[in-house]
Structures are given as C-alpha cells and as structure tokens.
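1. Provided below for reference: sequence and predicted model.
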Amino acid sequence: MNIKQVIGAVLGTILKVVVAVLVIYYVYKGATMAYDYGYRIFAEPAMAEKGEGRDITVEITMGKSVLQIGELLEQKGLIRDSMLFYIQNLLSEYSGKLAPGTYTLNTSMTAREMMAVMSVKDEESGGSENEGGSLAPPADEGSDSPGAEDDMDGDDDFEGDEEDGAGSEE
C-alpha cells in the first residue's frame, strides 16, 4: 500500500467516526428534548410557587381556539408554552369544555387548574368547543326564536328548585 491509500483510509475512518458521533449526539439530544417535553405535559409546574403568585384577569372571547387561549395565557405570563397548553388540554378531562368569559387566574396555578376554572361544568350550558377547536355557542335545538325552549307546562322552573326543595310560592 502506498502512503496516499493509508492516509485516505485513515481520514475516511475518522470521518465515519465523527459522523457517527454527531448522529448519536443529535439523536440523544432529540430524545432528551422529547422526553422532557412529554414529561412537562403531565407535570408542568406553575409559573410561581403557591402563595407567591399574582392575580391576572383574562378575557376569553367566543371563537378562540385552545391554541389561541394558550397564546394569550403565555403572553400574560400564566404559562410557559402555548403549544404545551394545547396538548395538555387535548389530553385532559377539560378537552372541549373551555368556555368564553372573564377569568381571574393566578401565576401559582397549574395549567390544569386554569382549565378547571375556564371549563364549562356538565350541568351548565354555555359555549362548547366544536371539532375545529374553537369556542362556539351552544347548539339551539328547536326553533330559531329566543325562548323557544320554555317549559310547556306553564310553570316557571328555576335551576336548583329540585335540589333545595323550594318550589314557586303561590
């Protein structure tokens, strides 16, 4: 073998080792980042410690998507990552239940706690999330006229009448 072939073989081997090391490094870094992000989906801490947070008022308007709500919360300093909030919402019991309104949230609240505050309770009516991921008004079943869902029996039932045993006084 002549010297050019030896040098070429050595440089080729060195180049292959460097490429292999770089590939391993970037795969490791990517896997570590993916793991950390995945871990944060389920264990993201609040922005501030309990008792050290500050109250921030947030207005969620009709038609905002969960990602837009996350961006608003990120701008207000309530969360670190709007995309993480979106994924957390998709995987939580609050998926499809965020409602428009004005909310007072605290920087010591976790994303899950904020979703609980902003969500529609099952027994309440209000905005609901459509398949596109944006808040939409509740579907009107029946006529287009307001008040079409009035009781047919003529008496005025109020929410909670059955629970507290109080009826309409006659």
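-> Cool, the structure landed. Small disclaimer: the values here were computed from a predicted structure and weren't measured.

2. okay, and the helix or strand of this protein with the least pLDDT?
-> strand 128-129 (a mean of 40; mean pLDDT, DSSP states H and E).

3. Can you give me the neighbour number for Met118?
-> Per other Cβ atoms under 10 Å, the neighbour tally for Met118 reads 20. All C-beta atoms are positioned from the backbone trio N, CA, C, and that covers glycine.

4. Equivalent analysis for Ile56, please.
-> Quick note: Ile56 (other Cβ under 10 Å) scores 15 neighbours.

5. Same check on the one 4 residues further on?
-> The burial metric for Ile60, expressed as a neighbour count using other Cβ under 10 Å, is 19.

6. and it, what is it in contact with?
-> By Cβ atoms under 8 Å, 6 or more residues apart in numbering, the contact set of Ile60 is Ile69, Leu72, Leu98, Ala99, Pro100, Gly101, Thr102, Tyr103, Met118, Leu135.

7. dump the residue contacts of Ser82.
-> By Cβ under 8 Å, 6+ apart, the contact set of Ser82 is Leu67, Gly70, Glu71, Leu73, Glu74.

8. Which strand or helix spans the second one?
-> Read it as Gly70. helix 66-75 (DSSP states H and E).

9. State the distance from the residue nearest to Met47 when sequence neighbours are not counted to Met62.
-> Leaving out its chain neighbours, the residue that sits closest to Met47 by Cβ to Cβ, 6 or more residues apart in numbering is Thr107, at 4.4 Å. Thr107 is 26 Å from Met62, where distance means Cβ to Cβ, to the nearest Å.

10. More neighbours: which of the two?
-> Thr107 (17 against 12).

11. Would you check that that one makes contact with Lys50?
-> No: the criterion here is Cβ atoms under 8 Å, and Thr107 misses it with Lys50 at 10.4 Å.

12. which one of the contacts of Ser82 sits closest to Arg54?
-> Lowest distance from Arg54 to the contacts of Ser82 (Cβ to Cβ) belongs to Leu73, with 13.9 Å.

13. Now do the SS call for the closest residue to Glu52 other than its chain neighbours.
-> Closest residue in space to Glu52, ignoring its immediate chain neighbours: Ser108 at 6.3 Å, by Cβ to Cβ, 6+ apart. The assignment at Ser108 comes out as coil when based on DSSP: H, G, I helix; E, B strand; the rest coil.

14. Can you report how many residues lie near Ser108?
-> Other residues near Ser108 come to 18 when the count uses other Cβ under 10 Å.
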